[in-house]
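Asker: okay, here's the prediction I keep looking at, along with the sequence it came from:
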Amino acid sequence: MNLITLYKKERQSADSEDSSLPDKINEFYTWLDRENSSTPVLLPCDNDPPFLVTEQENKARSDKAGCEQDGNDDNDNHFVHDEEDAAAAAAANDDDDRDDDENDDGDDKDDDDKMMMMMMMMMMMMMMMVMMMMMMMMMMMMMMMMMMMVVGMVIMRIMMVMMMVMMIMVMIKIMIIMVMMMIVVEVVVKLKGVMATTIMILTLMTIMMKITC
């Protein structure tokens, strides 16, 4: 005979003799029915039947259980908040480091851009100087042609050949200057500081000597 059969038999006998049963037994069966029902019943702390626990003890147990649960929740929330704060602080530090790196890269790029702009301006100035020299040579050639027309045709032809040779030499010088400027720009962009300034000054001196000679 299992427990369910015994319980049913006891329940039938209790129903038939309900008037003679004490109140405690009725409370016990009510509690047992509630325990075996599909809907669970939440007891304070222990699994003691309610009729064996006084009202004050039941209230004290409920308060104690509630306090412990609240305390655990507070501790859990505290740990969770600490972890969230630590994660947020770590993310903020990573963002700051990344911003610093980006700012450093931006400063380097700005310096390179300024250097390139300076090099371009110097190249433009050199080109303007070369163009001015070519214009002066053309004007001198025109004046000499006008003068040679008066003197004679043979001398004019000789002077024309000489002027053509001079123009070819000037064009070769211009090509050499352009190549040197390109090399200097590449070197100065890679090297910064005193070395770059020294190379730039030496190059300008060499270019001026090439132009004047």
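Answerer: Thanks, I have it. Residues are numbered from 1 along each chain as shown.
Asker: hmm, M145 is touching M160, no?
Answerer: Yes. Counting by CB atoms under 8 Å, a contact exists between M145 and M160, whose distance comes to 7.3 Å. Any C-beta I mention is one placed from the backbone N, CA and C, and that applies to glycine too.
Asker: check what pLDDT K190 gets.
Answerer: The confidence metric pLDDT takes the value 70 at K190.
Asker: what about T203, how many residues close to it?
Answerer: The number of residues packed around T203, counting by other CB atoms under 10 Å, is 19.
Asker: likewise M181?
Answerer: M181 is flanked by 18 other residues according to other CB under 10 Å.
Asker: so who does it touch?
Answerer: By CB atoms under 8 Å, 6 or more residues apart in numbering, M181 lies in contact with 119, 122-123, 126, 203, 207.
Asker: for T30, grab the count of nearby residues.
Answerer: Counted with other CB under 10 Å, the neighbours of T30 add up to 13.
Asker: surely T203 touches V185?
Answerer: No. T203 lies out of contact with V185 (CB under 8 Å); the separation is 9.7 Å.
Asker: for the contacts of M181, which one is nearest A60?
Answerer: For the contacts of M181, the closest approach to A60 (CB to CB) belongs to M119, at 87.8 Å.
Asker: following the strand or helix carrying the closest one, which helix or strand comes up?
Answerer: The secondary structure element spanning M119 is helix 55-151 (assigned by DSSP states H and E). The C-terminal neighbour of helix 55-151 among helices and strands, as given by DSSP H and E, is helix 153-190.
Asker: give me the buried positions along that following helix.
Answerer: Within helix 153-190, the residues that qualify as buried by neighbour count (16 or more other CB atoms under 10 Å) are 156, 159, 163, 173-174, 177, 181, 184-185, 188.
Asker: again, but for stretch 129-138
Answerer: By 16+ other CB under 10 Å, the buried positions in stretch 129-138 come out as V130.
Asker: can you list contacts of that stretch?
Answerer: Taking CB under 8 Å, 6+ apart as the criterion, the residues outside stretch 129-138 that touch it are 163, 166-167, 170, 174, 177, 211.
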